[in-house]
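Chemist: Test case, fold it:
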Amino acid sequence: MIDLPPVFRKNRYFKRNIYKKKTDMKKEIKNYNTKSYLDFSKLQQLVKCIIRFEKKKKQRIALFIAIGMYSGLRSSDIFNIEKRDLINNEVVLYEIKTNKRRQVYFSESFYDLIRDIDLDDFHDLLFYNEKTGDCYKYRYMLDQIKAMAQKHLSINPKSVSTHVLRKSYARRYYELSPDKSKALIELSEILNHANTSLTRHYISLNEDDYKTTLDLF
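Modeler: Next up is the predicted model:
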């Protein structure tokens, strides 16, 4: 785990992400369905628009979106990513919510998407705000992502959240996997779900998805 300075450990955002086990499975499934995934190509387009049309300081928003959609990390963990993690293409951390070890590698597609972002302009901790001496607040990042999605792609802000990036990653993982059953098992492990039923709801699988799979037989 990245050894954060004391000021980061005091951040209210990290404190409120302490994992609490949910015993009511129906409630958990309902919560997972509050906001669905976004089409991966739309998220890629959003990142490109922010980089091309927004001021340079907004590139941090584009980078946050790109990391979320290509890693499946929760926002609390994205805030812990360092510049060297992207340079070395290896992120090793212990998730804030579950305290489980997670290792992430990024694809060529990810680096192609962010190639116009100059990492030299960033602090060693990518989402560190030098003006406040603290990391950027979760609420600020969420509001910025909602605003950019509405401005550039006319996406309803109510359908956007930082967790949508994680869901979009999971949905993309499933869609690209030739073995769908195996993909669900792998995603359950990656996302730390109790079972694959949660994962099915999480990535919004429906009857059409099952029919498409059966048509391959």
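Chemist: Sticking with the most centrally placed residue in the chain, tell me its helix or strand.
Modeler: With distances taken as C-alpha atoms, centre = their mean, the chain has residue 68 as the residue nearest its mean C-alpha position (2.6 Å). Assigned by DSSP states H and E, residue 68 falls within helix 59-71.
Chemist: mind exporting whichever helix or strand comes after that helix as PDB, just the C-alpha atoms?
Modeler: Reading on from helix 59-71 to the C-terminus, the next helix or strand found by DSSP H and E is helix 75-78. Provided in PDB are the C-alpha atoms of helix 75-78 (Å, rounded to 0.1, in the frame of the first residue of the first chain):
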ATOM      1  CA  SER A  75     -12.400   6.000  -6.600                       C
ATOM      2  CA  SER A  76     -10.900   5.700  -3.100                       C
ATOM      3  CA  ASP A  77      -8.100   3.500  -4.600                       C
ATOM      4  CA  ILE A  78      -7.600   5.700  -7.700                       C
END
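Chemist: can you pull out the helices in this protein?
Modeler: If you assign secondary structure with DSSP state H, the helices in the chain sit at 6-9, 12-15, 25-32, 40-53, 59-71, 75-78, 83-87, 108-113, 138-153, 162-176, 180-191, 196-202, 207-214.
Chemist: Centre of the chain to the fourth one, how far?
Modeler: To tie it back to what came earlier, the one meant is helix 40-53. On the basis of C-alpha atoms, centre = their mean, to the nearest Å, the separation between the geometric centre of helix 40-53 and that of its chain is 15 Å.
Chemist: buried residues in it?
Modeler: Taking 16 or more other C-beta atoms under 10 Å as the basis for neighbour counts, the residues of helix 40-53 that come out buried are 40, 43, 44, 46, 47, 48, 49, 50, 51. Glycine gets a C-beta too; all of them are placed from N, C-alpha and C.
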